[in-house]
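Participant: curious how this folds, go ahead:
(one chain, ligands or ions: 2)
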Amino acid sequence: MLIDTYGRVATDLRVSLTDRCNLRCTYCMPEEGLQWLAKPDLLTDDEIVRLIDIAVSGLGIEEVRFTGGEPLLRPGLVGIVERVAALTPRPLMSLTTNGIGLKRTATALAAAGLDRVNVSLDTLRRDVFKTLTRRDRHQDVLDGLEAARDAGLTPVKVNSVLMPGLNADEAPDLLAWAVAHDYELRFIEQMPLDAQHGWKREGMVTAGDILASLRTRFDLTPEGQGERGSAPAERWLVDGGPHRVGVIASVTRPFCAACDRTRLTADGQVRTCLFAREETDLRAALRSDAPDEEIARIWRLAMWGKKAGAGLDDPSFVQPDRPMSAIGG
Ligand code: SAM
Ligand code: SF4
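Facilitator: Ligands and ions are numbered 1, 2, ... in the order given. Sure thing, here's the model as predicted:
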């Protein structure tokens, strides 16, 4: 098991497959100037599958989420999914993607064993999309979403980040659209993980703002009496159901006490938290021919050192050096 000193057990592994991306979302990446990880530093497909094997067979990991950067840019993705689907025990597998290229790959990913996707889309307006992501690819994302649903990668979840002055007024429109297309919408509060270190608490759209805005058009009833367990999203039934909407309030209502995640960066570093400033190097162990038991031991030790919380409210909080795109959201 991966357990920490507070008794939390990690069963959910986020694997970043690349730090590269074909969008430049303002809350994640700068327009230009971000240094990519060097190719030899990236884990190979074999190394990734080996680490996931160690995690599911020896460390109690039950669910694997591939992310990035943009994971669809990883050439070996379908092969990785296929090999992870053949592991024992077989973990649940999902993918967080910006959706560009999903139209082409959704069927192959489903056939390889991928269970679900989360597609990020912040706006229904092409011009706002272009401003927010600095690329004119709105239609590609919409096409990718449809392809994912048609390929059975369901429930298709949509992640939206609201930014003041850009798409902050779009919450009800996004929800109406998601309900009509049978996507499950989740709003994510903007976190201090942008490469430019420009995040300001005063400037962010909070979960409270989002819910107030949604309630101008929808009747929302809390699902599960506000119990969200380790799931970061608090969920509400929309107009009595069956559709739901989630809000991930990482900043204003952090869920660190129930966190069940461990993270692996594309260059083989274990991170116990999105906001961690320490990392543990598994790549060095892999490349010095360490046996599986030794790698599992290093991973357990990293987990044991997991901090109680992200510490966003702590006056001494310092944003991690890696931006979200290089951590893996
Ligand atoms: N490129 C893929 C995508 O966009 O879905 C996967 C990686 S991306 C880093 C994963 C998720 O993190 C996306 O839903 C994105 O909106 C979210 N994200 C990125 N930067 C964020 C930030 N500063 N605050 C909150 N969410 C952020
Ligand atoms: Fe790329 Fe995802 Fe970051 Fe947007 S949020 S820049 S799509 S990694």
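Participant: can you pull the residues of the stretch 51-200 of the chain lying near ligand 1?
Facilitator: Taking C-beta under 6 Å from any ligand atom as the measure of proximity, the stretch 51-200 of the chain contacts ligand 1 at 67-68, 70, 96-98, 120, 159, 161, 188, 190-191, 193-194. To be clear about C-beta, it is placed using only N, CA and C from the backbone, and glycine gets the same treatment.
Participant: can you do 8 Å?
Facilitator: 67-71, 96-99, 118-120, 122, 159-161, 188-194, 199 (C-beta under 8 Å from any ligand atom).
Participant: out of these, which end up buried?
Facilitator: 67-71, 96-99, 118-120, 122, 159-161, 188-194 (16 or more other C-beta atoms under 10 Å).
Participant: among those residues, which are in reach of ligand 2?
Facilitator: Gly68, Gly69, Glu70, Thr96, Thr97, Asn98, Ser120, Val161.
Participant: between the residues you listed, which is closest to Arg137?
Facilitator: The shortest approach to Arg137 among these belongs to Asn98, at 8.1 Å (C-beta to C-beta).
Participant: isn't that closest one right next to Val141, touching?
Facilitator: Yes - counting by C-beta atoms under 8 Å, Val141 is a contact partner of Asn98 at 6.5 Å.
Participant: that older thread, okay, and which of the residues of the stretch 51-200 of the chain next to ligand 1 map to strands?
Facilitator: Applying DSSP state E to those, the entries found in strands are Thr67, Thr96, Thr97, Asn118, Val119, Ser120, Asn159, Ser160, Ile188.
Participant: rebuild those residues as CSV, extending it with distance to Leu214.
Facilitator: Listed next are those as CSV, based on distance: C-beta to C-beta, whole Å:
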residue, distance to Leu214
Thr67, 26
Thr96, 23
Thr97, 25
Asn118, 20
Val119, 20
Ser120, 19
Asn159, 16
Ser160, 12
Ile188, 15
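Participant: how about those residues, which pair is most distant?
Facilitator: For these, the maximum inter-member distance is 16.3 Å, found between Thr67 and Ser160 (C-beta to C-beta).
Participant: can you give me the strands for the stretch 101-250 of the chain?
Facilitator: For the stretch 101-250 of the chain, the strands defined by DSSP state E, counting those that start in this stretch cover 116-120, 157-160, 184-188, 220-222, 234-238, 244-248.
Participant: redo those strands as TSV? Include mean pLDDT.
Facilitator: Shown next, in TSV, are the strands of the stretch 101-250 of the chain (pLDDT from 0 to 100):
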stretch	mean pLDDT
strand 116-120	98
strand 157-160	98
strand 184-188	97
strand 220-222	95
strand 234-238	95
strand 244-248	95
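Participant: just to revisit the earlier point, of the ones in strands among the residues of the stretch 51-200 of the chain next to ligand 1, which is the nearest to ligand 2?
Facilitator: Ser120 (5.8 Å; C-beta to the nearest ligand atom).
Participant: which residues touch the closest one?
Facilitator: Cys25, Thr96, Thr97, Asn98, Gly99, Val158, Asn159, Ser160, Val161 (C-beta atoms under 8 Å, 6 or more residues apart in numbering).
Participant: and if we set it to 10 Å?
Facilitator: By C-beta atoms under 10 Å, 6 or more residues apart in numbering, Ser120 lies in contact with 23, 25, 28, 70, 96-99, 133, 141, 157-161, 188, 329.
Participant: likewise for Phe275?
Facilitator: 191-193, 250, 254, 256, 307, 309-312, 317-320, 327.
Participant: can you tell me the closest non-neighbouring residue to the closest residue to ligand 1 within the stretch 201-329 of the chain?
Facilitator: Ligand 1 sits closest to Gly329 of the stretch 201-329 of the chain, with a gap of 2.8 Å, by C-beta to the nearest ligand atom. Closest residue to Gly329 apart from its sequence neighbours, by C-beta to C-beta, 6 or more residues apart in numbering: Thr67 at 5.8 Å.
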